[in-house]
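A.B. asks: Sequence unavailable; structure follows:
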């Protein structure tokens with residue numbers, strides 16, 4: 001163990017070095033700035049706010065931008081750098097993977113989060129942030145609830161920030177989904193998540209034994225109950241939605257359109273009522289209110305040590321709305337307008353508490369969205385709903401016929417398919433032959449575009465196209481299956497008949513907004529060049545003068561830096 005005096009000295013040296021002013025002028029400067037100006041230019045932000053809007057396609061930001069209020073998304077678009085060709089650049093575009101990319105700067109093959117769920121070696125399903133060693137504080141905890149970042153194999157920008165400042169920096173995250181908070185918080189931050197059964201926000205015993213006083217005060221005020229017997233009504237005039245497609249029946253237990261009613265079968269706030277809050281702007285409003293409570297309770301951006309803090313905010317409602325109604329729907333259109341106004345109010349709060357000139361804001365999404373198959377067909381797309389159970393039964397039957405009666409598919413969680421190694425070995429089969437036969441059969445099925453085999457992925461030969469490269473990045477040799485299946489555009493794996501989804505390497509799923517605002521560090525303007533979400537962590541590391549996360553593969557978005 002290091003002597004205490006040595007630990008203290010090293011910490012002081014690290015922190016002092018972090019704040020040293022640069023000796024050279026910024027690139028492109030006409031002349032050296034005065035010493036006071038130079039120091040101000042390189043001083044890191046007091047608070048970095050990383051916002052992820054779950055399930056927000058980039059095209060929606062552009063399509064509806066003229067309707068945004070002045071203080072939220074429009075403020076980011078006009079006062080920040082806006083990357084118009086930004087992508088979650090991996091093939092399986094789901095919430096857990098997308099959130100992991102934001103602050104690790106890593107792809108799934110490296111950071112180890114290969115899906116929201118995956119199949120373990122014992123054949124059981126694993127949830128991305130489950131860890132039965134821990135439980136929610138003062139809340140019921142199911143075995144597959146998200147309680148820790150144990151499955152995340154690399155560190156995050158927040159971890160590097162805390163390391164560089166001797167843990168003086170605070171990293172706090174909040175989300176409507178446990179995976180949205182935990183995977184932004186990294187190993188050493190603190191995550192809070194919305195509890196489906198009570199509508200409260202809570203953390204887990206991975207982070208602390210009990211909640212701080214400010215969290216207890218927030219929970220005691222029960223803000224989630226104020227929506228009861230009220231409704232979500234459209235924000236804009238009816239003519240503003242004139243071009244929207246008719247939205248289908250919701251995938252929730254009962255159809256619920258405008259006005260979307262918040263109620264419970266029991267006649268009082270209960271689990272079914274709190275579940276309805278998630279498919280609406282309410283969950284996002286509550287998330288932002290909790291974020292404001294965290295700014296006050298933890299004094300974020302006003303750290304007495306002078307170290308910068310990081311606040312992660314993941315807004316989950318848009319994903320739930322798009323799943324239920326489709327991104328082309330009036331519900332989705334209005335939801336984005338609603339959260340735009342709430343983001344504007346949040347920025348106004350930050351301006352009062354910290355001063356926006358002291359805040360750097362990044363806004364992105366974890367994935368985009370496909371239109372509902374039914375709507376896509378009205379646009380003459382060959383969109384289908386492929387039943388996973390039927391597809392796998394047919395595959396097993398085809399392999400049994402080809403190789404003599406053996407059941408060679410062990411299990412699946414599409415787009416991953418796991419073959420039965422024991423059956424392959426016991427029958428003396430060559431694995432590559434089984435993989436190739438499975439791939440050939442799947443490619444004959446309606447709605448299937450590409451199939452990549454373990455042999456191809458292990459040899460790296462899948463990455464001969466953009467689509468193949470994205471799927472290669474999504475595949476982890478230890479965790480992933482033996483076949484990766486890609487649907488045709490706008491086709492989804494679904495056993496139902498309504499709702500929309502995501503998860504493919506097609507453009508509509510990978511294309512996401514990437515907006516960065518910070519007057520002292522960011523050059524405003526539209527950036528047409530290609531960018532990836534994994535570029536966020538290296539860029540923030542540059543601005544904060546800290547190491548990049550260990551697995552980061554992105555680049556510094558230097559074109560946006562002052």
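C.D. replies: Nice, thanks for sending it over. Keep in mind the model is a prediction, meaning the values are calculated, not measured. Residues are numbered from 1 along each chain as shown.

A.B. asks: what's near enough to touch the residue lying farthest from the centre of the chain?
C.D. replies: Distance from the C-alpha centroid of the chain, by Cα atoms, centre = their mean, peaks at residue 404 (44.0 Å). By Cβ atoms under 8 Å, 6 or more residues apart in numbering, the contact list for residue 404 reads residue 427. No exception for glycine: its C-beta is placed from N, CA and C like everyone else's.

A.B. asks: same check, this time on the one 3 residues further on
C.D. replies: Going by Cβ under 8 Å, 6+ apart, residue 407 touches 396, 399-400, 420, 423.

A.B. asks: Can you tell me which of these has the most neighbours?
C.D. replies: Neighbour counts for the contacts of residue 407, by other Cβ atoms under 10 Å, peak at residue 399, which reaches 23 neighbours.

A.B. asks: Would you list the phi and psi of residue 427?
C.D. replies: Here is the backbone geometry of residue 427 (degrees, to the nearest 10): phi -90, psi 0.

A.B. asks: Skipping its backbone neighbours, what lies nearest it in space?
C.D. replies: Spatial nearest neighbour of residue 427, chain neighbours left out: residue 406 (5.4 Å); criterion: Cβ to Cβ, 6 or more residues apart in numbering.

A.B. asks: Quick check: the one you found is in a helix.
C.D. replies: No: counting by DSSP: H, G, I helix; E, B strand; the rest coil, residue 406 is not part of a helix but coil.

A.B. asks: For it, give me its contacts.
C.D. replies: Taking Cβ under 8 Å, 6+ apart, we find residue 406 in contact with 399-400, 420, 423, 427, 429.

A.B. asks: possible to save those residues as JSON lines with secondary structure?
C.D. replies: Below are these laid out as JSON lines (three-state DSSP):
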{"residue": "399", "secondary structure": "helix"}
{"residue": "400", "secondary structure": "helix"}
{"residue": "420", "secondary structure": "coil"}
{"residue": "423", "secondary structure": "helix"}
{"residue": "427", "secondary structure": "coil"}
{"residue": "429", "secondary structure": "coil"}
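
A.B. asks: Which of those sits closest to residue 170?
C.D. replies: Closest approach between these and residue 170, by Cβ to Cβ: residue 420, at 48.3 Å.

A.B. asks: Model confidence at that closest one, what's the number?
C.D. replies: Residue 420 carries a pLDDT score of 95 in this model.

A.B. asks: circling back: looking at the contacts of residue 406, which is nearest residue 224?
C.D. replies: Ranked by distance to residue 224 (Cβ to Cβ), those are led by residue 420 at 46.2 Å.

A.B. asks: Can you name the residues that contact the closest one?
C.D. replies: Counting by Cβ under 8 Å, 6+ apart, residue 420 touches 406-410.

A.B. asks: Among these, which one sits closest to residue 182?
C.D. replies: residue 410 (29.2 Å).

A.B. asks: Let me know the secondary structure of the closest one.
C.D. replies: strand.

A.B. asks: now swap in residue 148 and tell me
C.D. replies: Of the three states, residue 148 takes coil under three-state DSSP.

A.B. asks: Could you list the low-confidence segments of the stretch 101-250 of the chain?
C.D. replies: The stretch 101-250 of the chain contains residues with pLDDT under 70 at 243-250.

A.B. asks: residue ranges for the strands of it, please.
C.D. replies: Secondary structure of the stretch 101-250 of the chain (DSSP state E, counting those that start in this stretch): strands located at 117-119, 125-127, 171-175, 190-194, 201-202, 231-232.

A.B. asks: any idea how far the fifth one is from the chain center?
C.D. replies: When you say that, I think you mean strand 201-202. Centre-to-centre, strand 201-202 and its host chain are 19 Å apart (Cα atoms, centre = their mean, to the nearest Å).

A.B. asks: Run through the chain and note the low-pLDDT ranges.
C.D. replies: 1-42, 243-257.

A.B. asks: quick one, domains of it?
C.D. replies: Split into domains by automatic domain parsing, the chain comes to 49-368+511-560, 385-493.

A.B. asks: quick one, which of the ones you listed is nearest to residue 499?
C.D. replies: It is, among the domains of the chain and with distance given as Cβ to Cβ, domain 49-368+511-560, at 3.9 Å.

A.B. asks: what about residue 320, which helix or strand?
C.D. replies: With secondary structure defined by DSSP states H and E, residue 320 is part of helix 317-325.

A.B. asks: Check which helices and strands that helix sits against.
C.D. replies: Judged by 3 or more Cβ pairs under 8 Å, 6 or more residues apart in numbering; DSSP states H and E, the packing partners of helix 317-325 are helix 282-297, helix 330-353.

A.B. asks: Wait, residue 176 touches residue 287, no?
C.D. replies: Yes: under the criterion of Cβ atoms under 8 Å, residue 176 makes contact with residue 287 at 5.6 Å.

A.B. asks: what is in contact with the two at once?
C.D. replies: Common neighbours of residue 176 and residue 287, counting by Cβ under 8 Å, 6+ apart, are 194, 314-316.
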